[in-house]
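Novice: Any chance you could fold what I've pasted below:
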Amino acid sequence: MNVANILTSVRIFLIPVFMFFLLYSSVPYSKVIAAVIFIVAAITDSLDGYIARTRKIVTNFGKFLDPLADKLLITAALVCLVELQKVSSWVAMIIIGREFIVTGLRMVAAAEGMVISANVWGKLKTISQIIAVVLLLIDNYPFVLMGFPFDKIMLYIAVILTIYSGFDYIKTNWKVIDFTKK
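Specialist: Modelled structure (predicted):
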């Protein structure tokens, strides 16, 4: 277990803690605590990858767990936000559905000995999702004071980037899905 894999594991551990503070805690400022936990978890996403690449400690465990941790974090946040009626279920399904599709494509590619790396659209999608979730968690503060619905705008940008990046992954990696092979 190296530092990068420990950070990825911490991200997974933080998910139920984040959910507890967001949904069930009566602790003062529990939603702010949940937002801070989500931000810390999101930062570990960039940090673990950076550490693994720069220290040349990329492992199969990390290649497996890192994208899973990312998807679990975003999915947990979206499910909670749907329960809190801050996100429509169709928005959550588009984002979660795209993650299933791309993960399935990556699994097929891996079975063929190929690796499908994240591209710029996938990274922009992730950044937009994180920004949207954070804004929704903190009730669009400080933009709510100006009457500017930045949280909703970012959410719809995230949906658009999610759809586009999903189509881009499929289009770019269509060769992975060879319907003539058995």
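Novice: so how far is the helix or strand Lys63 falls within off the chain centroid?
Specialist: Using DSSP states H and E, the element containing Lys63 is helix 60-83. Once both centres are worked out by C-alpha atoms, centre = their mean, to the nearest Å, helix 60-83 turns out to sit 6 Å from its chain's centre.
Novice: which residues are contacting the helix or strand that comes right after it?
Specialist: For helix 60-83, the following helix or strand on the C-terminal side (DSSP H and E) is helix 89-111. Contacting residues not belonging to helix 89-111 are listed as 67, 71, 74-75, 78-79, 81-82, 115-116, 122, 129, 155, 158-159, 162-163, 165-166, 169-170, 173, 176-177 [C-beta atoms under 8 Å, 6 or more residues apart in numbering]. All C-beta spots, glycine's among them, are computed from the backbone N, C-alpha and C.
Novice: Quick check: next helix or strand after helix 89-111?
Specialist: For helix 89-111, the following helix or strand on the C-terminal side (DSSP H and E) is helix 120-137.
Novice: in that next one, what's buried?
Specialist: For helix 120-137, burial by neighbour count (16 or more other C-beta atoms under 10 Å) applies to 121-122, 124-137.
Novice: again, but for stretch 151-165
Specialist: 151-152, 154-155, 157-159, 161-162, 165.
Novice: Next, format those as CSV and append pLDDT, secondary structure and distance to Thr59.
Specialist: As requested, the buried residues of stretch 151-165 are exported to CSV (pLDDT from 0 to 100; DSSP: H, G, I helix; E, B strand; the rest coil; distance: C-beta to C-beta, whole Å):
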residue, pLDDT, secondary structure, distance to Thr59
Asp151, 97, helix, 37
Lys152, 97, helix, 39
Met154, 98, helix, 33
Leu155, 98, helix, 34
Ile157, 98, helix, 34
Ala158, 98, helix, 30
Val159, 98, helix, 33
Leu161, 98, helix, 29
Thr162, 97, helix, 28
Ser165, 96, helix, 26
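Novice: Using PDB, write out every CA atom in stretch 62-81.
Specialist: Provided in PDB are the C-alpha atoms of stretch 62-81 (Å, rounded to 0.1, in the frame of the first residue of the first chain):
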ATOM      1  CA  GLY A  62      -4.700   2.100  -7.800                       C
ATOM      2  CA  LYS A  63      -5.900   1.800 -11.500                       C
ATOM      3  CA  PHE A  64      -8.800  -0.200 -10.200                       C
ATOM      4  CA  LEU A  65      -9.700   1.700  -7.000                       C
ATOM      5  CA  ASP A  66      -9.200   5.300  -8.100                       C
ATOM      6  CA  PRO A  67     -11.900   5.500 -10.800                       C
ATOM      7  CA  LEU A  68     -14.200   3.400  -8.600                       C
ATOM      8  CA  ALA A  69     -13.700   5.900  -5.700                       C
ATOM      9  CA  ASP A  70     -14.400   8.800  -7.900                       C
ATOM     10  CA  LYS A  71     -17.700   7.200  -9.100                       C
ATOM     11  CA  LEU A  72     -18.700   6.300  -5.600                       C
ATOM     12  CA  LEU A  73     -18.100   9.800  -4.400                       C
ATOM     13  CA  ILE A  74     -20.100  11.500  -7.100                       C
ATOM     14  CA  THR A  75     -22.900   8.900  -7.000                       C
ATOM     15  CA  ALA A  76     -23.200   9.200  -3.200                       C
ATOM     16  CA  ALA A  77     -23.400  13.000  -3.500                       C
ATOM     17  CA  LEU A  78     -26.000  12.800  -6.300                       C
ATOM     18  CA  VAL A  79     -28.200  10.300  -4.500                       C
ATOM     19  CA  CYS A  80     -28.100  12.400  -1.300                       C
ATOM     20  CA  LEU A  81     -28.900  15.600  -3.300                       C
END
